[in-house]
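**Q** With the input below, show me the fold.
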Amino acid sequence: MWVQNPAGAPMLQAMTEYITVGAEDRVEARNGVIKLHGPEGFEGMRKAGRLAAEILDALVPTSFPA
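**A** Coordinates of the predicted model:
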């Protein structure tokens, strides 16, 4: 979250609030709160990463320098 310093310049405010989120929670992005994910969240991130890697690997044969 951005705030102004005493001189009026923008600066990033320290993030000091934490919440634990689960798979069923809907948490807004960029609200200044650090989100702590549980095992289910990390498993979902791993699946998403694997899928992205598989898609990129599948595109390699169709890619060529421009």
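
**Q** now the strands for the chain?
**A** Using DSSP state E, the strands of the chain run over residues 2-4, 10-12, 17-21, 33-37.

**Q** what's near enough to touch V60?
**A** Contact analysis of V60 by Cβ atoms under 8 Å, 6 or more residues apart in numbering lists nothing. (C-beta placed from N, C-alpha, C; glycine too.)

**Q** And the pLDDT for it?
**A** pLDDT, V60: 93.

**Q** Ok, which of the strands of the chain comes nearest A48?
**A** Proximity to A48 (Cβ to Cβ) singles out strand 33-37 among the strands of the chain, at 12.5 Å.

**Q** hang on, the earlier thing: now, of the strands of the chain, which is deepest in the fold?
**A** strand 33-37 (a mean of 13; mean count of other Cβ atoms under 10 Å).

**Q** which intervals of the protein have sub-threshold pLDDT?
**A** 1-3, 5, 12-13, 27-30 (pLDDT under 70).
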